[in-house]
Each structure stands twice: as C-alpha cells, then as structure tokens.
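# Need the 3D shape of this:
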Amino acid sequence: VGELVVDSPTTYCKHIIGVNHHNFINDNVKELLHDFESEGPSWMERGMIWWKKRKQKQEQEYLRKLAYEQRIKLLEAEHAGSISQLSDNSTFRQLTGKNFKDQESEFDEIFKYIRSSKSGSGISVEFEIEEEEVDFWTPETLIEEEFAESHSFCPYLLQQVQRQSIAKLGLPASLAYCRWKRIYSLARDGDSFNAFLKLVEGYHHTLLVIRTSNGEIIGGYADSEWKAQHQGNPEFYGSAQAFLFCVIGDEARVYNWTGVNRYIQFVDYKSKMLAFGGGGNVGAFGLCVADDFQKGSSGACATFGNEPLCSRGESFDIVDVECYGFLRGKF
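Predicted structure coming up:
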C-alpha cells in the first residue's frame with residue numbers, strides 16, 4: 001500500500017485509500033489524505049511531515065501522562081503528610097483531648113476522627129466538643145449617690161453581695177457597667193401607686209425589690225417601661241429578658257423567661273396593681289403587688305417556671321419596696 005501511495009497517480013491513490021473510507025479511516029489518515037490532495041511539497045515530503053507531527057503528538061501525550069502521574073504522587077504524599085502533621089496541631093489536640101505526639105501508642109486513634117474529602121484532595125475531621133462552664137467576670141455594681149439624710153433613714157434592701165449576685169445571674173450584659181439608681185422607695189416616697197408610676201416614668205430597665213413581713217427579699221426585673229399599653233383593658237407585654245428572683249442569704253435564685261407564653265409584665269391603673277408572669281394556677285401571678293404596695297402574692301407560673309417566691313404561702317404583706325433604674329454612660 002505504501003508503494004501505491006507514493007508511486008501511483010492521485011486518482012488511483014484516492015481509489016485505494018477511499019475503499020473503506022467510511023469504516024476505517026481515522027483522524028490521522030484523514031489529515032494525511034487532506035495533505036495529499038492539496039498542492040505543495042511532494043508526497044514523500046508530506047508523508048515525513050505527517051510522521052513528525054504524529055511523533056510530536058505522541059511525545060506530548062506521553063509527557064502529559066507523566067506529569068499527571070507525578071501530580072497524583074505529590075497529592076498522595078501531601079495527603080499522608082497532612083494526616084501525620086495533624087497530630088502536632090495544638091487546636092486539634094485541644095478540641096479532641098488527645099496528645100498523639102506524646103502518646104505514640106494512641107496515634108492510630110487519630111484515624112477515627114479523619115475522613116477523606118469527596119474530592120480526594122483534602123480531609124475532614126469529626127469530633128465532639130465538650131462545653132465547659134465559663135465563669136464570666138461581672139463588674140462590681142455601683143449605686144448612684146443619694147443625699148446622706150435620705151440614705152440614713154431609708155437603707156437599701158439589698159446588700160452589695162446580693163446586688164452582685166443578681167447582676168451576675170440575671171441582668172443583661174448591656175447593663176453590666178451601668179450605675180444603679182434607686183428611683184423609688186416606699187419608705188422614702190410613700191406608698192402611692194401613682195407616685196411610683198410617676199417616678200419610674202422613662203426608665204425602660206427596672207428592678208423591683210420587695211421585703212415581705214416574713215423578712216424575705218423577692219422581686220423581678222422588667223426590660224420594658226411600667227406603663228399601660230392600651231387605653232382599654234390592660235394586657236400583658238414585656239421583653240424576654242425579664243426575670244423573677246428571690247434572695248437566700250447572699251445568693252440570688254433567678255427564674256428566667258421560659259418562652260412558654262408572653263405573660264411577662266402587667267400594669268393595671270384602675271386596680272393599682274403591678275404583676276409579673278402568668279399561666280400557672282387560675283388567677284396566680286409569678287409576682288404581684290396591689291393595694292398601693294400593701295399586699296402581694298407569688299405563685300407558680302409557666303412564664304418563668306418558678307415556684308412561689310415566698311416560703312410561707314402565696315400571699316404576703318409588704319413591708320418595703322424599692323425600684324432601681326440603670327444609668328447608661330455613668331461608670
């Protein structure tokens with residue numbers, strides 16, 4: 001066939017090569033046939049050019065194959081190195097609680113945590129993180145100074161250590177550096193519901209503190225201003241940061257909002273009543289003061305998930321009441 005291609009006329013060459021044109025001609029033969037049909041160098045020169053091109057193409061394909069194999073080897077080596085180096089990673093040791101570098105016998109355990117990525121070019125690590133309780137530092141609570149005469153006749157119901165406990169366990173972090181200001185005191189300002197509302201007007205964050213006739217200290221934090229929300233029948237309102245508390249010794253026991261309902265705080269001008277929480281027994285508030293701060297009650301409620309704040313029944317007589325506001329921008 002080679003002799004026929006070189007020595008025979010073009011028409012005969014076409015006939016010989018084109019016998020099985022549709023079944024057996026590949027791209028290389030088509031390229032050669034195209035070169036034979038065009039004008040230019042002789043058939044022998046064209047054959048040599050075609051052979052050189054084919055050889056160059058084969059060499060390029062071979063080099064590309066070698067480069068690909070070398071890249072695979074490098075990726076495999078890098079993958080193996082990343083696994084061994086992971087044991088030296090301090091973050092991985094801290095999170096998994098393993099020190100594989102110091103305990104070579106446990107090095108195999110690292111493979112329990114490692115999975116290859118879907119692409120094959122990386123790894124993923126699976127482990128559980130145990131949450132640790134962090135004791136966040138709470139700044140010392142400070143109270144806005146009052147006139148000496150006012151303080152001497154009306155001492156604070158909460159001691160410094162008790163205020164600190166309430167601030168740490170209950171108050172929002174945004175109030176950590178705010179000064180406390182006693183904006184209402186029953187002993188100082190009188191037992192008037194209207195006077196209370198006038199004095200606390202404009203304060204959106206307030207802490208109500210009550211001393212009962214049994215000497216117990218209870219109260220609640222409101223994250224919304226004490227005022228009626230509608231002209232008609234009073235309704236519950238308030239923020240989820242509200243809470244109830246009772247003081248036992250130097251420590252406060254805080255009952256945060258449970259999310260069960262929105263019965264957070266309530267004010268009734270006609271009945272002269274303030275209340276926190278609801279959803280417990282019929283007619284039971286988490287904390288309620290009424291009758292111009294003469295009477296109070298505390299029952300189990302779903303809003304804060306609390307038991308009665310008083311140890312001797314739900315109802316109690318009020319001896320003293322304080323309400324604190326929080327001053328922003330004063331340290």
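
# Listing partners with orientation, what would you give for the helix or strand that contains residue 316?
Assigned by DSSP states H and E, residue 316 belongs to strand 315-327. Strand 315-327 sits in its sheet next to strand 179-185 (antiparallel), strand 206-212 (antiparallel), strand 295-297 (antiparallel), going by DSSP bridges.

# Mind listing what's buried along that strand?
316, 318-327 (16 or more other Cβ atoms under 10 Å). Yep, even glycine has a C-beta here, placed from its N, CA and C like the rest.

# Among those, find the lowest-pLDDT one for me.
pLDDT across those is at its lowest for residue 327, which sits at 92.

# ok, which stretches of the stretch 151-300 of the chain are strands?
Here the stretch 151-300 of the chain has its strands, by DSSP state E, counting those that start in this stretch, at 179-185, 206-212, 217-222, 243-248, 251-256, 265-268, 273-276, 287-290, 295-297.

# now the fifth one against strand 217-222, angle please.
I take that to be strand 251-256. Interaxial angle, strand 251-256 versus strand 217-222 (axes from the mean of the first three to the mean of the last three Cα atoms, to 10 degrees): 40 degrees.

# Residue 275 contacts residue 288, doesn't it?
Yes - using Cβ atoms under 8 Å, residue 275 makes contact with residue 288 at a distance of 4.2 Å.

# so residue 63 is in which element?
Using DSSP H and E, residue 63 sits in helix 43-86.

# just checking, what packs against that helix?
If contacts are counted by 3 or more Cβ pairs under 8 Å, 6 or more residues apart in numbering; DSSP states H and E, helix 43-86 sits against helix 2-7, helix 27-37, strand 114-116, strand 123-125.

# Verify the stated contact: residue 238 with residue 221.
No - with contact defined as Cβ under 8 Å, residue 238 does not reach residue 221; the gap is 10.2 Å.

# For the two, indicate the residue with more neighbours.
Comparing residue 238 with residue 221 by neighbour count (other Cβ atoms under 10 Å), the higher total belongs to residue 221, at 26 against 21.

# thought that one was touching residue 206?
Yes - if you go by Cβ under 8 Å, residue 221 and residue 206 touch, sitting 7.4 Å apart.

# just for the protein, where's the confidence low?
For the chain, applying pLDDT under 70 flags the ranges 1-41, 74-137, 147-152, 231, 280-283, 329-331.
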